[in-house]
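Colleague: Sequence first, then the predicted structure:
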Amino acid sequence: MLLLTMLIATVAGAWLYAIWPMRGGSSAAGKRFGGPAAEEPHTAGRPRKPESLEGGLVAQLVGGEITRRQYRRPMEQAAARDDERHPLAIPPETGSAGA
């Protein structure tokens with residue numbers, strides 16, 4: 001019975017330790033887990049600007065500014081450009097020629 005009680009207390013303690021930073025209970029925990037306390041004061045409240053084409057397209061898609069079809073076409077073009085700039089080099093097969 002004591003073992004069961006200790007097991008339940010341990011699980012409850014671990015659960016509270018994991019949930020506490022999400023509730024804003026500790027500024028140190030917020031910094032450690034990237035919560036609101038981890039943000040710099042001058043950027044708090046402002047969304048960050050996307051740093052890439054893909055990020056901008058995703059932000060527009062999530063914000064409802066463009067449709068899935070409008071998102072898909074520029075992503076296809078970006079993938080084609082990336083394929084031209086950095087083609088995939090397939091290594092030669094190793095092993096015996098007769099196999």
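Modeller: All right, it came through fine.
Colleague: lowest confidence element among the helices and strands of the protein?
Modeller: When the helices and strands of the chain are compared on mean pLDDT, DSSP states H and E, helix 27-33 comes out lowest with a mean of 52.
Colleague: what's the following helix or strand after that helix?
Modeller: Elements were assigned by DSSP states H and E; along the chain past helix 27-33, the next helix or strand is helix 53-63.
Colleague: Beyond that following helix, next helix or strand please.
Modeller: The C-terminal neighbour of helix 53-63 among helices and strands, as given by DSSP H and E, is helix 68-85.
Colleague: Other residues contacting that next one?
Modeller: By C-beta atoms under 8 Å, 6 or more residues apart in numbering, the residues outside helix 68-85 that reach it are 53-54, 57-58, 60-61. From N, CA and C alone the C-beta is placed, and that goes for glycine too.
Colleague: of the residues you listed, closest to Ala89?
Modeller: For the contacts of helix 68-85, the residue nearest Ala89 by C-beta to C-beta is Glu54; the value is 23.1 Å.
Colleague: gap between that closest one and Leu7?
Modeller: Relative to Leu7, Glu54 is positioned 46 Å away (criterion: C-beta to C-beta, to the nearest Å).
Colleague: Those two - which one has more neighbours?
Modeller: Of the pair Glu54 and Leu7, Glu54 is the one with more neighbours under other C-beta atoms under 10 Å, namely 14 against 10.
Colleague: residue contacts, that one?
Modeller: 75, 78.
Colleague: And the one 3 residues further on, by the same measure?
Modeller: Contacts for Leu57 (C-beta under 8 Å, 6+ apart) come out as 66, 71, 74-75.
Colleague: Just the buried subset of those, please.
Modeller: Under a neighbour-count criterion of 16 or more other C-beta atoms under 10 Å, the subset of the contacts of Leu57 counted as buried comprises 66, 71.
Colleague: SS state for Pro92?
Modeller: Look at Pro92: counting by DSSP: H, G, I helix; E, B strand; the rest coil, its state is coil.
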